[in-house]
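need a structure here:
(one chain, ligands or ions: 1)
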Amino acid sequence: MYNFKDKVIYQLYPKSFKDANNDGVGDIRGIIEKIPYLANLGIDMIWLNPMYKSPQKDNGYDISDYKSIDPIFGTMEDFEEMVEVARKYNIDFMLDMVFNHTSIEHEWFQKALSGDKKYQDYYIIRDAKSNGDKPTNWLSKFGGPAWEKFGNTDKYYLHLYDVTQADLNWRNPEVREELIDIVNFWLKKGVKGFRFDVLNVIGKDEVLIDSTGDSAQEKSLYTDKPVVHEYIKLLNNKSFGNDKNIITVGEMSSTNIENGILYTNPSREELSMIFSFHHLKVDYDNGEKWSKVPFDFEELKKLLNDWQEGMSNGDGWNALFWNNHDQPRSNSRFGDVKKYPYESATMLAQTLHLLRGTPYIYQGEEIGMTNPSFDNIDDYVDIETHNAYKELLEKSVDKDTALEYIKEKSRDNSRTPMQWDNTANAGFSKVKPWLKVANNYKEINVQRELDTGKIFNYYKKLIKLRKDYKVISEGTYRGIQLDNKYIYSYIREYEGQKLLVLNNFYGENAKIDLSKENLDFNNYSVLIGNYENSNISSVIELKPYETIAILLK
Ligand code: GLC
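Next comes the predicted model:
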């Protein structure tokens, strides 16, 4: 099998990467222009968020035609050229497959609406309850009920996400064949990877029932159903699984380790790896995302450790990430972007890149981009953000507090245009971008970073180390001293070589006593660290946000 264990994947958000035709929206020609930049970083593959034809209600996750490129991004010829150019730099592409739902503007949904029975069976359409209520009491993940009137009939269609994103009926074999065909279509275009959107919610029962109203119980009614594994195996066997060079990753919403193993253990013929999100909920207030509380470090460590150990025990594989287009920037979240921008960005990077799994870098992370902290709700574009703001006000949260929560958690935090230089619009576009640029672009931008910064080069080094050291790409994992209040430490091991990784998550000095760990500090070398001249012995004091990786015999 193709070795994805020493690969690093770069997530590129096309709308915000580089606008070559100056219409305010990033595009494929912009990506082509910047491929040498990504090659310099050393990444192996680019995951592109959806660029298919779409009304863009949910930034492309509402697809109206899976086999075409939305004109805002360019043409199919541009796409093919991009694949070809990147190949020259040994970079491949991973496409985003949004198979839980289509846009209601998709031809299938439109035909269903016009009365075509074949296409009505492509979606999850149900009668109202006898008292006229919606088929179940389920809530949409973007707020409000998960059911919407189906045209002018008495029926409803299910939408776990936005009302314009109708859930597909995977129980229907014709739907499965259509989706398999889409994967094969893109494989023929030379695509080498697939990221499957919210894949673990595709398996719905025939008879859908009310939840108790508890959100976890409700999710269990449609998440990680055993049949999902069958669907994925089918997809694998009839499309990407026929080429062992393909890398796949499933986005798994609220999943668990047990299923994580089933999804990724190679003998199951499902996926290469999965994204799970528990570690990015440690700054939720009692499970509530729209809140502002300090992150729970012990919980973060416990989750990272459990997933590392658990997946490893079951021969599963994790996708490693702090950032993506749905998450606030991790350095704003877990670091100190004012006082320790370099130290906290590199500490977070190192913590992640030296774990067991495949690391993902989200655009701008490699130069330390931060949350933009917009002061006006109208500066935010995201549909989930606006729904949440409305709901917060309805729950009598005052406007200022609601905006504080939005500033912390909005998905737009990571979607602001890439900061290329200190010219107008951060060099992203010559015209006003679709989403405002963060106003720190004069201090944080690619040009300045490459001239005088240290974060980009640190990432470069981490990527290179994964290729040079099997202890990083293949080694075992063991968390140590997990009760330390400030430091997350672990040991990777491979054929007698040990790599000790220590990460201080706080802006103050912190100590760790390793004398009971049976480690020999007489023979060590520092592989990488974000401070100079660290003093290594069995008791180590780390400086603010210090990270250090030590090779031991
Ligand atoms: C995934 C995507 C997110 C999208 C949602 C619905 O979570 O990452 O951006 O809104 O699925 O497709």
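
Within range of the ligand, give me the residues from this protein.
Within reach of the ligand by C-beta under 6 Å from any ligand atom, the chain has these residues: 58, 61, 98, 161, 197-198, 251, 325-326. Placement of C-beta: from N, CA and C, glycine included.

Out of these, name the ones that lie in strands.
Mapping these onto strands (DSSP state E) picks out residue 251.

In CSV, list the residues of the chain next to the ligand along with pLDDT.
Output for the residues of the chain next to the ligand, formatted as CSV (pLDDT from 0 to 100):
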residue, pLDDT
58, 95
61, 98
98, 98
161, 97
197, 98
198, 98
251, 98
325, 98
326, 98
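
Looking at the residues of the chain next to the ligand, which is nearest the ligand?
Top of the list for closeness to the ligand, among the residues of the chain next to the ligand and by C-beta to the nearest ligand atom, is residue 61 at 3.4 Å.

How many residues are close by the residue lying closest to residue 253 once chain neighbours are set aside?
The shortest distance from residue 253 to any non-neighbouring residue, by C-beta to C-beta, 6 or more residues apart in numbering, is to residue 198 (5.4 Å). Burial measure for residue 198: 20 neighbouring residues, criterion other C-beta atoms under 10 Å.

Check the one 10 residues further on too.
Counted by other C-beta under 10 Å, the residues lying close to residue 208 total 17.

repeat for residue 64
For residue 64, using other C-beta under 10 Å, the count is 21.

And for the one 5 residues further on?
A count of nearby residues for residue 69, using other C-beta under 10 Å, gives 19.

List the beta-bridge partners for it.
Beta-bridge partners recorded for residue 69 (DSSP bridges): residue 52.

now residue 549, nearest residue through space, not along the chain?
Nearest residue to residue 549 in three dimensions, chain neighbours excluded: residue 527, at 4.4 Å (C-beta to C-beta, 6+ apart).

again but with residue 387, I slipped
residue 143 (3.9 Å).

still on that earlier bit, contacts only, for the residue nearest to residue 549.
465, 469, 499, 549-551 (C-beta atoms under 8 Å, 6 or more residues apart in numbering).

Spell out the secondary structure type for it.
Here residue 527 takes the strand state, with states given by DSSP: H, G, I helix; E, B strand; the rest coil.

Could you do residue 81 as well?
Residue 81 carries the three-state label helix when classified by three-state DSSP.

what about it, how many neighbours?
Neighbour count for residue 81, taken as other C-beta under 10 Å: 15.

quick one: it from residue 175, how far?
Going from residue 81 to residue 175 by C-beta to C-beta, to the nearest Å gives 32 Å.

Residue 438 now?
Distance from residue 438 to residue 175, by C-beta to C-beta: 41 Å.

Which residue, neighbours along the chain excluded, lies closest to the spatially most central residue of the chain?
Closest residue to the average C-alpha location of the chain: residue 324 at 4.0 Å, with C-alpha atoms, centre = their mean. The shortest distance from residue 324 to any non-neighbouring residue, by C-beta to C-beta, 6+ apart, is to residue 362 (5.4 Å).

try residue 397
Excluding the flanking residues, the one nearest residue 397 by C-beta to C-beta, 6+ apart is residue 405, at 7.7 Å.

sorry, back to before: closest one of the residues of the chain next to the ligand to residue 473?
Proximity of the residues of the chain next to the ligand to residue 473 (C-beta to C-beta) peaks at residue 251, which lies at 23.0 Å.

partners of residue 48 in the sheet?
For residue 48, the beta-bridge partners are residue 12, residue 95 (DSSP bridges).

Quick one: low-confidence residue ranges for the stretch 201-350 of the chain.
Along the stretch 201-350 of the chain, the model assigns pLDDT under 70 to no residue.

got it, and the chain?
1-2, 534.

at 90 what do you get?
Residue ranges of the chain with pLDDT under 90: 1-3, 518, 520, 522-523, 533-537, 553.

Which parts of the stretch 101-250 of the chain are strands?
Using DSSP state E, counting those that start in this stretch, the strands of the stretch 101-250 of the chain run over residues 101-103, 125-127, 147-149, 155-158, 165-167, 193-196, 247-251.

can I get those in a markdown table with mean neighbour count?
Shown next, in a markdown table, are those (neighbours: other C-beta atoms under 10 Å):
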| stretch | mean neighbour count |
| --- | --- |
| strand 101-103 | 26 |
| strand 125-127 | 16 |
| strand 147-149 | 18 |
| strand 155-158 | 22 |
| strand 165-167 | 25 |
| strand 193-196 | 25 |
| strand 247-251 | 26 |
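
Could you dump those into CSV and include distance to residue 258?
As requested, those are exported to CSV (distance: least, C-beta to C-beta, whole Å):
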stretch, distance to residue 258
strand 101-103, 26
strand 125-127, 30
strand 147-149, 30
strand 155-158, 26
strand 165-167, 25
strand 193-196, 19
strand 247-251, 15
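
Determine which of those strands approaches residue 481 most closely.
In terms of C-beta to C-beta, the element of those nearest to residue 481 is strand 247-251, at 31.0 Å.

Convert the C-alpha atoms of the closest one to CSV, please.
These are the backbone C-alpha positions of strand 247-251, laid out as CSV (Å, rounded to 0.1, in the frame of the first residue of the first chain):
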residue,chain,number,x,y,z
ILE,A,247,-5.3,8.5,0.1
THR,A,248,-8.8,8.9,1.8
VAL,A,249,-10.0,10.6,4.9
GLY,A,250,-13.4,10.6,6.3
GLU,A,251,-14.8,13.6,8.3
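
Sheet-wise, list the partners of it with their directions.
Strand pairing for strand 247-251, using DSSP bridges, gives strand 193-196 (parallel), strand 273-275 (parallel).

Switch those over to JSON lines, and while doing so, append distance to residue 32 to every line.
What follows is the strands paired with strand 247-251, written out as JSON lines (distance: least, C-beta to C-beta, whole Å):
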{"stretch": "strand 193-196", "distance to residue 32": "18"}
{"stretch": "strand 273-275", "distance to residue 32": "27"}
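
right, and these - which one's nearest residue 316?
Using C-beta to C-beta, the strands paired with strand 247-251 put strand 273-275 closest to residue 316, at 7.9 Å.

Not counting its own residues, what contacts that closest one?
Contacts for strand 273-275 (C-beta under 8 Å, 6+ apart): 4, 247-252, 255, 260, 263-264, 316-319, 321, 324, 357-358.
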